[in-house]
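**Q** no sequence on this one, just coordinates:
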C-alpha cells in the first residue's frame, strides 16, 4: 500500500464505489418528499415538483481506463477540425477526442514524466 500512496488508495476506493454501482438510483423528487408534510419543497410557484423527474432510469457510464495513446502524427482516426480535451501535467501532454469522451463520460488515466515531478492519476470528464 505504501508504494501506491494514500492518494492512489483514495482514488481507487472512490472508483470502486462508482464501478460497482453502489450509488443509489435517483428517485423522483415528488416520491422523496411524499408524506413529509413538515418539509416543504422550495421551487418557483410556476414549477410542478412532480415534473422535475421524468421517471427514466439513469444510463450507466462506460468509463475507460488508461486509453492507449499514440503520437499526434499517427492519430489518423482524428478528423482535421475535431475538438479534443487537452492537458499537460509534469511535462507530458495528452489529447482526448471529445467524441470519445462523450461516449465514455469518464476517462481515467495516469500522466506526467517521472523526471519532471512524477506521474499523477487524472480523471477527464465531458
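**A** The structure has been received and is ready for your questions. Fair warning: this is a prediction, and the values are worked out from it, not measured in the lab. Numbers count the residues shown, from 1 in each chain.
**Q** Tell me where this structure has strands.
**A** Secondary structure of the chain by DSSP state E: the strands cover 64-65, 84-89, 92-97, 106-111, 120-125.
**Q** need the contact list for the nearest residue to residue 87 once chain neighbours are set aside.
**A** Nearest residue to residue 87, sequence neighbours excluded (Cβ to Cβ, 6 or more residues apart in numbering): residue 94, at 6.0 Å. The C-beta positions use only the backbone N, C-alpha and C, and glycine is treated the same way. Residues in contact with residue 94 (Cβ atoms under 8 Å, 6 or more residues apart in numbering) are 69, 86-88, 109, 111.
**Q** From residue 103, how far off is residue 94?
**A** For residue 94, the distance to residue 103 equals 17 Å [Cβ to Cβ, to the nearest Å].
**Q** Tell me how the protein divides into domains.
**A** As recorded under automatic domain parsing, the domains making up the chain are 1-21+60-126, 24-57.
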